[in-house]
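1. fold the following and give me the result.
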Amino acid sequence: MTDVRVEVAGYPDSDDEERADLTTQLRADLEAADLEVAHPAAVAPEGSKGAGLELAQLVVSFAGTVPAMAAALLGWLGRNRGASVSLEIDGDKLTVEHASAADQQRLVETFLARHAAG
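-> Down below sits the predicted model:
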């Protein structure tokens, strides 16, 4: 099983609160598709008592479920036109921004399928 790191950049003028809200919406979409989703732990600053969570990032356990994950991501992108999201698997990164719906679909499905096959 492969982990997909998902980072929500949001809109060009998104603040941390809006990015966290957008990430919560995306997490709900991914969980509704029966995908296992978590927030990655943040790195604790030196001298702190603990680490928080990266609120604009998710880790999705990916077991070759390309249609479910692609549908959830594309649905979220369709409802949040102009928002940006990045996917990263084993150091390979795709950032989806400023693309038509057809290009978004092609990019996301190709990226996920490449890693599902590998």
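2. what are the buried residues along stretch 29-39?
-> By neighbour count on 16 or more other C-beta atoms under 10 Å, the buried set for stretch 29-39 is 29-30, 33, 35, 37, 39. Any C-beta I mention is one placed from the backbone N, CA and C, and that applies to glycine too.
3. and these as JSON lines, adding secondary structure?
-> Formatted as JSON lines, those follow (DSSP: H, G, I helix; E, B strand; the rest coil):
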{"residue": "29", "secondary structure": "helix"}
{"residue": "30", "secondary structure": "helix"}
{"residue": "33", "secondary structure": "coil"}
{"residue": "35", "secondary structure": "coil"}
{"residue": "37", "secondary structure": "strand"}
{"residue": "39", "secondary structure": "coil"}
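4. which of the residues you listed sits closest to residue 2?
-> residue 35 (12.1 Å; C-beta to C-beta).
5. how about the strands in the chain?
-> With DSSP state E as the criterion, the chain has strands at 2-10, 36-38, 57-62, 84-89, 92-96.
6. which stretch in those has the least confidence?
-> Comparing mean pLDDT across the strands of the chain, the weakest is strand 57-62, with a mean of 87.
7. that one to strand 84-89, inter-axis angle?
-> Counting by axes from the mean of the first three to the mean of the last three C-alpha atoms, to 10 degrees, strand 57-62 lies at 50 degrees to strand 84-89.
8. now the strands of the chain as JSON lines including distance to residue 108?
-> Formatted as JSON lines, the strands of the chain follow (distance: least, C-beta to C-beta, whole Å):
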{"stretch": "strand 2-10", "distance to residue 108": "11"}
{"stretch": "strand 36-38", "distance to residue 108": "16"}
{"stretch": "strand 57-62", "distance to residue 108": "12"}
{"stretch": "strand 84-89", "distance to residue 108": "7"}
{"stretch": "strand 92-96", "distance to residue 108": "7"}
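9. I'm done for today, thanks for sticking with me.
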